[in-house]
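Engineer: Okay, sequence plus prediction incoming.
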Amino acid sequence: MSTVGAIEYLRYYPALRWMGGKIVAMMEREKPDVLVLIDTQGFNVALSKLAKRRGIRTVYYFPPQAWHIKPYTFGGKVVKDVMDNVTEVISVFPGEYEAYKKYGDNVAYVGNPVVEAVRPTKDRERTRADLGLSESSKVIGLFPGSRRQEVERLLPVLLSVALRLHLQDSRMQFVVSIAADFLEDFILHRVKGLDFIKPTREPSYNLMSICDVIIACSGTITLEASAIGVPMVVVYKTSLITWNLAKWLLNLSYISHPNMIAGARIVPELLQKNASPENIARDVRGLLEPSRNQRVRCDLAEVREKLGGGEALDRAAKIVLKVAGCF
């Protein structure tokens, strides 16, 4: 039911209302020592207010990224709402910490867990062999997202890119990540007959580690790819209403994590109509050029350094235990 956008959540609204009611009933029945909220702004901000009314302490991990929203709109209100209703906010980005700190002291920066969490479980040679991929060929990874709305919009475009590149160089190999069970049938149906594309449930960290370049839906996957160090073309498409609203609201020069953290355009971003098969294929070919590929890998290593030195999960866990009254 995860969605991004101004109207995309509406089809799940009845189910989310029902789920919220079940969680409130559970809180009243179980009386937890602490409620840990993770991401999911629309649902969890409302839940934090309901928990506070019932005297339940809360920790918000990966808080709303409303600090990207322009000050004269409602970005500051969302941040203030979180700080007013949550016992402790655990921040994972330096800029995020500074934005929340303006509204109170109940925020801590712990670093980003991606540094320690993103670890391939197999070496490159073993993963390529398991997938039947040649060690000498260039491998392009297609990561259309983990939300249904993203995959429905982006997968046809990414498959067109793969076909275009394959016709130009048949030695290229392509893998498409199936990020969740509910996406498998949709993806398998779409790639049927495209023998040069291999759909797989291989863990994304293993898959990214064997790719020379990936095409990724904007989101957490770009942060994980930064930790792996794989060059990427970042793409995104959403509804026209959401796109126009985002242009008005967001105070961003870039939308992908590596570019935002670097403060520079180190990987290509193609959005909306610019995310065409022609443009994406052009940028993939550019990133396959050896000197540029290596330069981007060096830039991503610097991004990884900015995310912290590890142990973010331990620091976050200690904050949760402290709020729960364990020590």
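Structural biologist: Nice, I can see it.
Engineer: okay, which residue of this structure is out on the far edge from center?
Structural biologist: Distance from the centre of the chain peaks at R29, with 33.8 Å (CA atoms, centre = their mean).
Engineer: That residue falls within a helix, correct?
Structural biologist: Yes: the assignment for R29 is a helix, going by DSSP: H, G, I helix; E, B strand; the rest coil.
Engineer: I'd like the numbering to begin with 37 instead of 1 from here.
Structural biologist: All set: I'll call the first residue 37, so the last point we hit is now R65.
Engineer: Could you list the low-pLDDT ranges of this protein?
Structural biologist: Where the chain drops to pLDDT under 70, the residues are 37-45, 102-111, 279-288, 345.
Engineer: per-domain residue ranges of it.
Structural biologist: Residue ranges for the domains of the chain, per automatic domain parsing: 53-149+346-359, 160-342.
Engineer: starting at the chain centroid, how far to the shortest one?
Structural biologist: Read that as domain 53-149+346-359. The gap between where domain 53-149+346-359 is centred and where its chain is centred comes out at 18 Å by CA atoms, centre = their mean, to the nearest Å.
Engineer: Could you do the last one as well?
Structural biologist: The gap between the average C-alpha position of domain 160-342 and the chain average comes to 12 Å, counting by CA atoms, centre = their mean.
Engineer: Tell me, how many residues neighbour L324?
Structural biologist: 17 (other CB atoms under 10 Å). For the C-beta atoms, the positions are set from N, CA and C on the backbone; glycine is no exception.
Engineer: Look up how far R331 lies from it.
Structural biologist: 13 Å (CB to CB, to the nearest Å).
Engineer: Now for A360: which residues touch it?
Structural biologist: Contacts for A360 (CB atoms under 8 Å, 6 or more residues apart in numbering) come out as D69, V70, R93.
Engineer: Leaving out the residues flanking it, which one is nearest to the most centrally placed residue in the chain?
Structural biologist: Among the residues of the chain, the one closest to the centroid is T256, at 1.6 Å (CA atoms, centre = their mean). Closest residue to T256 apart from its sequence neighbours, by CB to CB, 6 or more residues apart in numbering: H293 at 7.7 Å.
Engineer: what sits against the residue nearest to C247 when sequence neighbours are not counted?
Structural biologist: Once flanking residues are discounted, C247 sits nearest to G177: 3.9 Å by CB to CB, 6+ apart. Neighbour list for G177: 210-213, 243-244, 246-247, 249-252, 266 [criterion: CB under 8 Å, 6+ apart].
Engineer: Give the helix, strand or coil label for G177.
Structural biologist: Classified using three-state DSSP, G177 is strand.
Engineer: For it, list each beta-bridge partner.
Structural biologist: G177 forms beta bridges with V211, I250, as assigned by DSSP bridges.
Engineer: CSV please, covering the contacts of A360 and showing neighbour count.
Structural biologist: Converted to CSV, the contacts of A360 look like this (neighbours: other CB atoms under 10 Å):
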residue, neighbour count
D69, 13
V70, 19
R93, 17
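Engineer: So which of those residues is the closest to H225?
Structural biologist: Distance to H225 across those (CB to CB) is lowest for V70, with 43.3 Å.
Engineer: Tell me the spacing between the closest one and K354.
Structural biologist: 13 Å.
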